[in-house]
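J.: Mind looking at a prediction? Sequence and model below.
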Amino acid sequence: MLRFVKKYSAKTDRAILSSPSLPVSINGIGGWRRIEERLNSLLYRYIFLILFIFIVPIALTSCQSAPPPTKTCQACHAIIFDKNHSLACHLCHGGVSPAADERAAHQEMIARPAAPGHWREGCGGCHEKEVSAVQQSSHLTLDGYQRLRHRYGGKPVSGIDHIPIYSEPKTTAELADDLLRRRCLRCHLFYAGEDYAASKHGLGCAACHMRRQNGKMTSHQFAAPSDQECLACHYGNRVGADYYGLFQHDLPPDYATPFPPAAEPAFGIESHQLIPDIHQRRGLACIDCHRGGELMATDDGKASCAVCHDPALLATRLPTGVSKKDGGFLFTSHDGAVHPLPTLRHPAHEQYGKSVSCQVCHAQWAFDDDGLYAIRIDHDDWQEWRPLMRQGITELDHLLQDVFLSGKNPGPAVMSDPFTGERRPGFWLLAYGQRRWENIRTARIAGKLVVV
């Protein structure tokens with residue numbers, strides 16, 4: 001028990017705290033100071049003990065009752081949505097939001113909900129009609145492959161992702177299946193495209209509806225397809241590239257430009273710039289003619305020249321974007337621009353309109369890849385294939401350039417399957433007898449003269 005004790009020295013007049021158990025020495029000023037220091041120390045200990053007993057339990061109770069810190073997805077991912085998709089991230093991507101940390105947030109998360117394997121859950125909740133219909137569209141089915149399989153003895157399959165896999169194909173039918181899986185069918189909604197600046201795209205719905213630049217997604221906003229999204233698949237000497245006047249160079253370097261570009265070609269292989277289509281020069285985009293109903297198979301509408309230019313058809317039905325004015329017709333494109341719409345007037349249309357396709361007369365040039373060769377390589381003696389060093393397939397271009405330009409050992413001859421990502425023995429090269437555009441080849445098919 002502490003008590004006040006009045007003690008005075010001759011030289012100081014100071015009251016101090018004292019205790020019966022503490023010896024008190026007042027011999028000089030130094031003695032008084034030592035006693036004061038010991039008493040002060042003891043007082044601080046008592047004060048600390050009182051604080052520990054009463055204050056700390058209160059603090060601990062407060063900590064236990066406070067909720068754990070939580071964050072939403074946008075705390076880490078600064079994303080701007082378009083007005084139609086301003087939704088909570090987990091509604092499409094799964095996962096947990098809000099969550100205490102990244103690990104908790106990413107549990108059972110779907111990175112690409114628009115991909116064919118997830119689009120029923122990711123997009124179908126709001127777009128059920130479109131998701132159901134697109135599974136029958138040529139953009140997903142690429143149904144032309146069935147003709148090649150049938151030609152070489154392949155049995156029918158339910159879809160391109162069910163083409164059989166062969167590690168060591170032996171028959172012609174098995175080789176055709178391996179060619180299709182690993183070389184030909186690389187432009188489909190299951191695959192994100194080749195790793196070039198302009199050919200990378202999303203999966204499923206995102207392939208057409210999300211913007212990319214230099215291979216990377218530029219925003220999370222969904223939009224109608226631009227020509228850039230179309231060209232991410234429709235490049236090379238295929239329908240679409242000709243709309244922009246692009247004709248791919250021949251593969252051997254002797255037939256390419258003698259001055260290689262400083263940057264890698266946007267589509268893997270350089271292209272000649274020929275005259276673009278008249279519609280492109282007038283400012284029309286691909287989707288001005290090829291509407292969503294056609295592309296996603298949600299209706300029976302299909303683009304044709306006659307639908308917009310035949311006055312007899314226009315008299316019965318005006319297609320989307322077409323209107324009448326002053327005895328003629330106008331076309332309003334998706335960007336709001338208004339174009340006078342010419343109609344068929346030349347007497348040749350009346351005479352040949354049903355027996356000759358429009359392109360036979362109106363095409364200014366056409367793809368003419370004469371003599372296509374598909375070559376499977378299973379050995380490591382590749383020197384004779386040096387002229388085919390550029391293939392427009394990212395992994396093959398890197399592989400062959402390592403061999404022919406860097407002198408690196410590329411290892412075994414392997415190539416990936418874009419459907420599964422699996423690398424299997426052997427790789428496929430394409431070669432052409434010649435690639436020309438000057439002569440437009442025609443043939444009569446089903447009684448009609450067409451460009452082939």
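T.: Received it, and whenever you're ready, just let me know what you need. Note that the structure is a prediction, hence the values are computed from the model and not measured.
J.: mind checking how far the helix or strand containing Gln228 is from the chain centre?
T.: Gln228 belongs to helix 227-231 when assigned by DSSP states H and E. Helix 227-231 sits 13 Å away from the centroid of its parent chain (Cα atoms, centre = their mean, to the nearest Å).
J.: Packing partners of the helix or strand following that helix?
T.: Proceeding N to C from helix 227-231, the next assigned helix or strand is strand 246-248, under DSSP H and E. Counting contacts by 3 or more Cβ pairs under 8 Å, 6 or more residues apart in numbering; DSSP states H and E, strand 246-248 packs against strand 271-273. In this view, the C-beta of every residue, glycine as well, is placed from N, C-alpha and C.
J.: tell me the contacts of the closest residue to Gln107 other than its chain neighbours?
T.: With Cβ to Cβ, 6 or more residues apart in numbering as the criterion, Gln107 has its nearest non-adjacent residue at 5.7 Å, and that residue is Val96. By Cβ atoms under 8 Å, 6 or more residues apart in numbering, Val96 lies in contact with 90, 104-105, 107.
J.: now swap in Leu295 and tell me
T.: By Cβ under 8 Å, 6+ apart, Leu295 lies in contact with 137, 139, 208, 225, 287.
J.: Now intersect those residues with the helices, please.
T.: 139, 208, 287 (DSSP state H).
J.: Neighbours of the last one, how many?
T.: The local packing count at Ile287 equals 20, with neighbours defined by other Cβ atoms under 10 Å.
J.: Please save the CA atoms from the helix holding Gln228 in PDB.
T.: Coordinates of each C-alpha in helix 227-231 appear next as PDB, following Å, rounded to 0.1, in the frame of the first residue of the first chain:
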ATOM      1  CA  ASP A 227     -14.100  -5.100 -90.300                       C
ATOM      2  CA  GLN A 228     -11.100  -5.600 -88.100                       C
ATOM      3  CA  GLU A 229     -12.800  -8.500 -86.300                       C
ATOM      4  CA  CYS A 230     -13.900 -10.000 -89.700                       C
ATOM      5  CA  LEU A 231     -10.300  -9.900 -91.100                       C
END
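J.: how about low-confidence regions in the stretch 151-300 of the chain?
T.: By pLDDT under 70, the low-scoring segments of the stretch 151-300 of the chain are 256-262.
J.: mind listing the helices in it by residue range?
T.: Per DSSP state H, counting those that start in this stretch, the stretch 151-300 of the chain carries helices over the ranges 172-179, 206-209, 227-231, 278-281, 286-289, 292-295.
J.: I'd like the ones you listed as TSV, with distance to Gly153 appended.
T.: Listed next are the helices of the stretch 151-300 of the chain as TSV, based on distance: least, Cβ to Cβ, whole Å:
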stretch	distance to Gly153
helix 172-179	4
helix 206-209	32
helix 227-231	34
helix 278-281	41
helix 286-289	36
helix 292-295	33
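J.: closest one to Val451 among these?
T.: Minimum separation from Val451 across these (Cβ to Cβ) falls at helix 278-281, 15.7 Å.
J.: Output the closest one as PDB, restricted to C-alpha atoms.
T.: Extracted in PDB, the C-alpha atoms of helix 278-281 (Å, rounded to 0.1, in the frame of the first residue of the first chain):
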ATOM      1  CA  ILE A 278     -16.300  -1.000-104.800                       C
ATOM      2  CA  HIS A 279     -18.400  -1.300-101.700                       C
ATOM      3  CA  GLN A 280     -15.400  -1.000 -99.400                       C
ATOM      4  CA  ARG A 281     -14.300   2.100-101.400                       C
END
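J.: contacts for that helix?
T.: For helix 278-281, using Cβ under 8 Å, 6+ apart, the contacting residues are 243-245, 288-289.
J.: Is there a neighbour count for the nearest residue to Thr218 once chain neighbours are set aside? I'd like the number.
T.: Distances taken as Cβ to Cβ, 6+ apart place Arg211 nearest to Thr218, at 4.7 Å, with adjacent residues excluded. Residues near Arg211, counting by other Cβ under 10 Å, number 18.
J.: Find the nearest non-adjacent residue to Pro387, please.
T.: Take Pro387 and drop its neighbours on the chain: the residue closest to it by Cβ to Cβ, 6+ apart is Pro252, 3.9 Å away.
J.: ok, back up a step: summarise which helices and strands the helix holding Gln228 is packed against.
T.: helix 206-209, strand 210-213, helix 286-289.
J.: nearest to Lys448, of the ones in helices among the contacts of Leu295?
T.: Within those, proximity to Lys448 (Cβ to Cβ) peaks at His139, which comes in at 25.7 Å.
J.: I figured the closest one hits His201, correct?
T.: No: with contact defined as Cβ atoms under 8 Å, His139 does not reach His201; the gap is 11.7 Å.
J.: circling back to that earlier point, among the contacts of Val96, name the ones in helices.
T.: Within the contacts of Val96, residues falling in helices by DSSP H are 90, 104-105.
J.: Could you pull up the residues touching the residue nearest to Thr218?
T.: Arg211 makes contact with 217-219, 221, 223, 226, 228-229 under the criterion Cβ under 8 Å, 6+ apart.
J.: Now the buried members of these.
T.: Glu229 (16 or more other Cβ atoms under 10 Å).
J.: Which single one of the contacts of Arg211 is nearest to Asn409?
T.: Looking across those and measuring by Cβ to Cβ, the closest to Asn409 is Met217, at 35.3 Å.
J.: who's the nearest residue to that closest one once chain neighbours are set aside bridged to?
T.: In this structure, Met217 finds its nearest non-sequential neighbour in Met210, 6.1 Å apart by Cβ to Cβ, 6+ apart. Beta-bridge partners for Met210, by DSSP bridges, are Phe222.
J.: For the stretch 1-150 of the chain, which residues score under the pLDDT cut-off?
T.: In the stretch 1-150 of the chain (pLDDT under 70), the answer is 1-69.
J.: Just the strands from it, written as ranges.
T.: 3-5, 16-18 (DSSP state E, counting those that start in this stretch).
J.: residues touching the residue positioned nearest the centre of the chain, list them.
T.: For the chain, the residue nearest the mean C-alpha position is Gly202 (2.4 Å; Cα atoms, centre = their mean). By Cβ under 8 Å, 6+ apart, the contact list for Gly202 reads 112, 114, 192, 209-210, 212, 217.
J.: out of these, what pair is the most spread apart?
T.: Between any two of the contacts of Gly202, the greatest separation by Cβ to Cβ is 14.4 Å, found for Ala192 and His209.
J.: related to what we said a few turns ago, ranking the contacts of Leu295 by neighbours, who comes first?
T.: Counting by other Cβ under 10 Å, top hit in the contacts of Leu295: Cys208 with 25 neighbours.
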